[in-house]
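[1] Next comes the sequence, and after it the predicted model I'd like to discuss.
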Amino acid sequence: MAELYYGVAYYDEYMPEDRLEKDIEMMLAAGINVVRIAESTWSTLEPAEGTYNFYHIDRVLDAMHAAEIAVIIGTPTYAIPAWLAKKHPEVMVTTVQGTQKYGPRQIMDIVNPVFRRYAENIIRVLMAHVCQHPAVIGYQLDNETKHYDNTGHWMQSGFIESLKVRYPDISQFNHDFGLDYWSNRIDDWADFPPVESTINASLACAFSQYQREQVTAYLAWQGELVREYCKPGQFITHNFDFEWRGYSYGVQPRVDHFAAARALTVAGVDIYHPTQDHLTGREIAFGGAITRGIKQGANYFVLETQAQGFPEWTPYPGQLRLQAFSHIAQGARMVSYWHWHSIHNSFETYWKGLLSHDFAPNPTWREACTIGKDFAQYGEQLSGLSARHDVAILISNEAMDALNHFPPADGKTNVWNDIFRRFHDALYDNNVGVDIINDVDAQCDKYKVMIIPALYSAPDGLLSRIHAWVERGGRAVISFKSGFSDENVKVRSTPQPGGLRDVCGVTYNQFTRPDSLQVDASAIGLPDTEAELWAELLTPDPETEVMTRYHHPAWGQYAAVTRAHYGKGQAMYVGFLPEKAWLYGLFSQFTADLRLSSQAADASFPVIVRRLYQADGQERVFIFNYSPTPQNLPAPVNGVQVLQQGRVSRGTPLILAPWDTVIIASDLEQEEA
């Protein structure tokens, strides 16, 4: 098995008949050693019910095997054939907009038993046909699976049944969800109203959690089917995606990645991001950290990322290399493009692949050839790398749902992700590597610092674990809107910040949307700043340090940021949303007496540094220039440059060309230093 996978999605079904041999020739020239096929072509595989066509699959498998290119088979269930929609219109997903009409992908009801029956059949037929082929190294379950905003009969009836199990006493259900409000009380399960029209955030968030659970169950169901056919050594993966704002933006609200990943042997991900003058690597970083985290730090596959992509993403020279090695620097073991060729018609005509519509060599393909060569030559040095971070960010789908029901800003669809990205990007821009976690347990004792953004809804148990972690010596940076409500989105009646009040040493019972609200930071040596989004009017306990106050004629008596000791640890509470540079300054002050392994270099964006480690302890230091101008950086370690060759000594200047990549294999004794 290759040390690093370099791949593309390949659809022979879309291609001219005579392209396969030439495509493979160009793939080999580019160093492509894996292709992904079959996941989007159910209608070609089964053109009529019970009639199967393996022509494209067989010829690609045979040709790739002859060329020693590995193949990943995707289950073809995310885009259904027209005959299925016509025969069984009930398999179409129902959303708040109504029952969806045939045409786009991902318009099926994943919990509908009729859909499941047909999906199981095509999975088994495909698996039985390909499982013995020597080219196949693994399987991808479905494609970017979500619940597709399903509010249909099967989803709602299943949700009601789950509530019956959870609440044998329906009165307790009404109490926990606050359903006496506006006469929303339900005293007979048979009277349960349509969930999509509820005004009750507790009910809406519980339904959202149930929808995510069905995604987890659906992928687990597919995983069990595929596992029946797997040979030893073959993997099962899935390409998770993120909240989409024209690119991968933040935590996916429609999937619990940590739960759904249990069905997989290897985590996989799709990461898309702006490029040209807007290439920053931030999306690669947070996407990689989440995907690494869902399998407890294991290496993962980037199953889709862009080669050319949208017209505004056509990469500048050097950017394709920079992107590829940025994925490796997060712990990826595969970089695979969507897709090989550019499609000549239909919806994604102008989402360009590695090759353009004329199939001719182009600058992006030529740059890919250099990446493939480097992956082949240095793969052993760059695979199996692991992070050793002591800073973590705690994320929560439940807190996201709850906060977004009461957004602290008008016109925002997912303000929680805006808050998450502000904290993540402040650290990323200053070369603090992070792990991303979804719970606090004994394994979290390896972290010195934990960032907790907007934990609006959380059970008492999680808050107790945060308390215990701080008490044992951890340092928590806790943002506004944390600890406010319980797991049922019922606001705690204790002094806020609710279950985090003791560890933070602060209380408040009033808050405001800031309007030119200044924050006086002179006491901590930072420039004054302006509160964004939300401002809690904090009253500290007598022993709690006030780091900043609001500079305002009405709110000047209130603290804006506080710092409290709790047991052996400390908690900093941030009552508003700061801008990035100011937030990092606050983090630096809070951790000034700590030696953080997460702090990769004394540098900042556009120079990004990442440190990873081989199993023998040898360090790999990745240095990237995310800018069109040359950058200088003193070499952070003694060692050998992997790509450029030649030794470097700590402190000697490194000059990075525009969009450049430098990788240093540090001397083993560097670890001791």
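    Noted; the coordinates are in hand. Residues are numbered from 1 along each chain as shown.
[2] switch to C-alpha atoms for all contacts and neighbour counts from now on
    Noted.
[3] Show me what the helix or strand where residue 211 lies is packed up against.
    If you go by DSSP states H and E, residue 211 is part of helix 201-227. With contacts taken as 3 or more C-alpha pairs under 8 Å, 6 or more residues apart in numbering; DSSP states H and E, helix 201-227 sits against helix 113-130, helix 153-166, strand 235-237, helix 257-260, helix 397-405.
[4] For the residue nearest to residue 657 when sequence neighbours are not counted, grab the count of nearby residues.
    Nearest residue to residue 657, sequence neighbours excluded (C-alpha to C-alpha, 6 or more residues apart in numbering): residue 630, at 4.6 Å. By other C-alpha atoms under 10 Å, 14 other residues sit near residue 630.
[5] Check residue 101 too.
    Under the neighbour criterion other C-alpha under 10 Å, residue 101 is assigned a count of 13.
[6] That one: what's it in contact with?
    Neighbour list for residue 101: 92, 107 [criterion: C-alpha atoms under 8 Å, 6 or more residues apart in numbering].
[7] Please tell me the pLDDT value assigned to it.
    At residue 101, the pLDDT value in this model is 94.
[8] Kindly provide the distance from it to residue 286.
    Taking C-alpha to C-alpha, to the nearest Å as the measure, residue 101 falls 35 Å from residue 286.
[9] ok so, going back, output the helices and strands packed on helix 201-227 as TSV; include the columns distance to residue 142 and mean pLDDT.
    Output for the helices and strands packed on helix 201-227, formatted as TSV (distance: least, C-alpha to C-alpha, whole Å; pLDDT from 0 to 100):
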stretch	distance to residue 142	mean pLDDT
helix 113-130	10	98
helix 153-166	19	98
strand 235-237	9	98
helix 257-260	13	98
helix 397-405	22	97
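[10] end-to-end on stretch 442-458?
    Stretch 442-458: ends 18 Å apart by C-alpha to C-alpha.
[11] List the buried residues of that stretch.
    Going by neighbour count (16 or more other C-alpha atoms under 10 Å), the buried part of stretch 442-458 is 444, 447-458.
[12] Stretch 549-566 too?
    Neighbour-count burial for stretch 549-566 flags 549-551, 555, 558-566 (criterion: 16+ other C-alpha under 10 Å).
[13] now the helices for the stretch 251-400 of the chain?
    257-260, 282-293, 319-328, 363-382, 397-405 (DSSP state H, counting those that start in this stretch).
[14] Need the contact partners of the shortest one.
    Meaning helix 257-260. 215, 216, 217, 219, 220, 240, 293, 294, 295, 438.
[15] what sits against the residue lying closest to residue 279 once chain neighbours are set aside?
    Excluding the flanking residues, the one nearest residue 279 by C-alpha to C-alpha, 6+ apart is residue 626, at 6.7 Å. By C-alpha under 8 Å, 6+ apart, the contact set of residue 626 is 279, 280, 281, 605, 606, 607, 608, 658, 659, 660.
[16] Over to the residue of the chain most remote from its centre. Which of the three states is it?
    Distance to the chain centre peaks in the chain at residue 553, reaching 42.1 Å (criterion: C-alpha atoms, centre = their mean). Secondary structure assignment for residue 553 (DSSP: H, G, I helix; E, B strand; the rest coil): coil.
[17] Distance of it relative to residue 381?
    Separation of residue 553 from residue 381 (C-alpha to C-alpha) stands at 60 Å.
[18] Residue 611 touches residue 622, doesn't it?
    Yes - using C-alpha atoms under 8 Å, residue 611 makes contact with residue 622 at a distance of 6.4 Å.
[19] Now do the shared contacts for the two.
    Taking C-alpha under 8 Å, 6+ apart as the criterion, residue 611 and residue 622 both touch residue 329.
[20] Of the buried residues of stretch 549-566, which pair is most distant in space?
    551 and 566 (27.8 Å; C-alpha to C-alpha).
[21] List the contacts of the residue nearest the centre of the chain.
    The residue lying closest to the centre of the chain (C-alpha atoms, centre = their mean) is residue 287, at 3.9 Å. Residue 287 sits next to 242, 250, 269, 271 when contact means C-alpha under 8 Å, 6+ apart.
[22] same question, residue 573
    With C-alpha under 8 Å, 6+ apart, residue 573 has these contacts: 477, 478, 479, 480, 504, 561, 562, 563.
[23] switch the cut-off to 7 Å
    Residue 573 sits next to 477, 478, 479, 504, 561, 562, 563 when contact means C-alpha atoms under 7 Å, 6 or more residues apart in numbering.
[24] how about the nearest residue to the fifth one, chain neighbours excluded?
    Closest residue in space to residue 561, ignoring its immediate chain neighbours: residue 574 at 4.7 Å, by C-alpha to C-alpha, 6+ apart.
[25] how far away is the one you found from residue 541?
    As judged by C-alpha to C-alpha, residue 574 and residue 541 stand 15 Å apart.
[26] Who has more neighbours out of these two?
    Counted by other C-alpha under 10 Å, residue 574 and residue 541 do not tie: residue 574 has more neighbours, with 27 against 16.
[27] Across the sheet, point out what pairs with that one.
    residue 479, residue 561 (DSSP bridges).
[28] Flag every buried residue along stretch 372-382.
    For stretch 372-382, the neighbour count (16+ other C-alpha under 10 Å) marks 372, 373, 374, 375, 376, 379, 381, 382 as buried.
[29] before we move on, what about stretch 22-42?
    Quick answer for stretch 22-42 (16+ other C-alpha under 10 Å): 23-24, 26-42.
[30] Between the two ends of it, how far is it?
    25 Å.
[31] Domain ranges for this protein, per the record?
    Domain ranges of the chain: 5-144+213-382, 154-204, 391-590, 607-670, per automatic domain parsing.
[32] TSV please, covering those domains and showing distance to residue 598.
    Shown next, in TSV, are those (distance: least, C-alpha to C-alpha, whole Å):
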stretch	distance to residue 598
domain 5-144+213-382	13
domain 154-204	37
domain 391-590	5
domain 607-670	8
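[33] mind checking which of those is nearest residue 599?
    Comparison of the domains of the chain against residue 599 by C-alpha to C-alpha identifies domain 391-590 as nearest, at 4.5 Å.
[34] how long is stretch 127-140 end to end?
    Separation of the first and last residues of stretch 127-140 by C-alpha to C-alpha is 11 Å.
[35] ok, residues contacting it?
    Contact partners of stretch 127-140, identified using C-alpha under 7 Å, 6+ apart, comprise 61, 64-65, 70-75, 226, 229-230, 234-238.
[36] now with 6 Å?
    For stretch 127-140, contacts defined as C-alpha atoms under 6 Å, 6 or more residues apart in numbering pick out 65, 70, 71, 72, 73, 74, 234, 235, 236, 237, 238.
[37] so where is the protein shaky, pLDDT-wise?
    1-2, 669-673 (pLDDT under 70).
[38] Please settle this for me: is residue 665 part of a strand?
    Yes - with three-state DSSP as the criterion, residue 665 is part of a strand.
[39] wait, isn't it in contact with residue 640?
    Yes - between residue 665 and residue 640 a contact is recorded at 5.2 Å, counting by C-alpha atoms under 6 Å.
[40] For residue 341, list the residues it contacts.
    353, 354, 355.
[41] any idea how far the first one is from residue 187?
    Separation of residue 353 from residue 187 (C-alpha to C-alpha) stands at 56 Å.
[42] the more surrounded of those two?
    Ranked by neighbour count (other C-alpha under 10 Å), residue 353 and residue 187 place residue 353 first, with 27 against 13.
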